[in-house]
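Asks: A predicted structure for the sequence below; I have some questions about it.
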Amino acid sequence: MKHIITPLLFIACLLVTSCSNDDEPTLPANAIPLNMMFGDSETTIGASDVYINSSINFTSSYCGIADLGKKGTFSTNPNLTQIAQEIAVTPGNYYQITPGQDILTVAGARALPVDGVYYNLYVDSWIYDNANNIAGAKISYAECSPRVKQLPAWDSAIDLQLKPRKDDPDIETAEYAFPRDCKIDDYIETYDYEGSDMKHVLDIDLNGNRISFTNSAWTPGGKVQVILLVRCESVYTRLSLILHSSM
């Protein structure tokens, strides 16, 4: 019987060790360890005002805090669907902190600029005092920037040529499509370039990730800057489409 039990115990120990190693987070090179004691408002995460209060909650006056649970990572992009200014601290969970002043509602959902900064963090374990009472938490956090390939860089400029329609050469049109999971905000700014008078006669239509333009007026040398906000998940960018008339 001993010859049967011993190998099984050995295998069980290997499994436990393996699970334990899998649960340990992989820290990025810029991760910063921090001991946070309950009620110490002077010890905050990065440039934020987030600290752990006496109720054992992360709390902030101006940041959005999200609990990503145990499936979060240090590379998680901004997640703003469920944020609060106070959230319970749980060892083994990942969290995310986003500056509130940088959050904007774009195309119907909260989003952070593509060039914005936020923090991902992991709560490693409790800190105990001399009486063996929980007195704080050991965390690691990292400053992060969004990584969203679908969005152009902030303030990108894209040239777009209006072309006469085949069925009616007196009407010129153009269309631009962003990747499928992008959405264009309906707040659009238009500016004529010097010598141009086209923005007042330009029709603009939005359809999800697509924007189309129609011009039926005579606008020789017409050139218009169209400024858009485009969101993908919880990240957005600002960019310009530069329209050139063919008339």
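Replies: The structure has been received and is ready for your questions. Numbering: from 1, shown residues only.
Asks: can you pull the contacts of the most centrally placed residue in the chain?
Replies: In the chain, the residue lying closest to the centroid (CA atoms, centre = their mean) is Pro78, at 3.0 Å. Counting by CB atoms under 8 Å, 6 or more residues apart in numbering, Pro78 touches Gln96, Thr98, Ala111, Leu112, Gly116, Tyr118, Pro146, Glu233, Ser234, Val235. No exception for glycine: its C-beta is placed from N, CA and C like everyone else's.
Asks: go on, Ile204?
Replies: By CB under 8 Å, 6+ apart, the residues touching Ile204 are Ile188, Thr190, Ile211, Ser212, Phe213, Val226.
Asks: at 7 Å instead, please
Replies: Residues near Ile204 by CB atoms under 7 Å, 6 or more residues apart in numbering: Ile188, Ile211, Phe213.
Asks: Equivalent analysis for Pro28, please.
Replies: So Pro28 contacts Phe74, Ala142 (CB under 7 Å, 6+ apart).
Asks: What is the subsequent helix or strand relative to the helix-or-strand element of the chain with minimal mean pLDDT?
Replies: Within the chain, no helix or strand scores below helix 2-23, which has a mean of 43 by mean pLDDT, DSSP states H and E. The element immediately downstream of helix 2-23 (helix or strand, assigned by DSSP states H and E) is strand 32-37.
Asks: Return the set of buried residues in that next one.
Replies: Buried residues in strand 32-37, counted by 16 or more other CB atoms under 10 Å: Leu34, Met36.
Asks: helices or strands up against that strand?
Replies: On a contact count with 3 or more CB pairs under 7 Å, 6 or more residues apart in numbering; DSSP states H and E, strand 32-37 meets strand 134-144.
Asks: low-confidence ranges in this structure?
Replies: Counting by pLDDT under 70, the low-confidence segments of the chain come to 1-23.
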